[in-house]
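> Fold the stuff below for me.
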Amino acid sequence: MFRYAIIFAVIALIAALLGFGGVAGLSADFAKILLVIGVILFVVAFVFGRGRRTL
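As a prediction, this is how the structure comes out:
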């Protein structure tokens, strides 16, 4: 998830440098959404992954 967020952020930067404002804005929005989803999934996995562990 974080990988795709970084990819969309890079696409947004390149598109902004080339003058494609619409593509840059859309890619930046996707990057933000994926970053938020990734952080939420990370926190949920961290909290619920601390259950009983037997060796």
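> Just list what the longest helix anywhere in the chain packs against, helices and strands only.
Criterion DSSP state H: the longest helix present in the chain is helix 21-48. In terms of contacts (3 or more CB pairs under 8 Å, 6 or more residues apart in numbering; DSSP states H and E), helix 21-48 is packed against helix 2-18. In this view, the C-beta of every residue, glycine as well, is placed from N, C-alpha and C.
> if you average pLDDT over the helix it packs on, what comes out?
In this model, helix 2-18 carries a mean pLDDT of 94.
> residues in contact with the closest residue to residue 13 other than its chain neighbours?
Leaving aside its sequence neighbours, residue 13 sits nearest to residue 24 (CB to CB, 6 or more residues apart in numbering; 7.6 Å). By CB atoms under 8 Å, 6 or more residues apart in numbering, the contact set of residue 24 is 12, 13, 15, 16.
> hmm, 10 Å instead?
11, 12, 13, 14, 15, 16, 17, 18 (CB atoms under 10 Å, 6 or more residues apart in numbering).
> Any figure for the gap between it and residue 48?
Applying CB to CB, to the nearest Å, the value for residue 24 to residue 48 is 36 Å.
> middle-most residue in the chain, spatially?
Nearest to the mean C-alpha position of the chain, by CA atoms, centre = their mean, lies residue 35 at 2.7 Å.
> residues in contact with it?
By CB under 10 Å, 6+ apart, the contact set of residue 35 is 1, 2, 4, 5, 6, 8, 9.
> out of these, which are buried?
For these, a neighbour count by 16 or more other CB atoms under 10 Å gives the buried set as 5, 8, 9.
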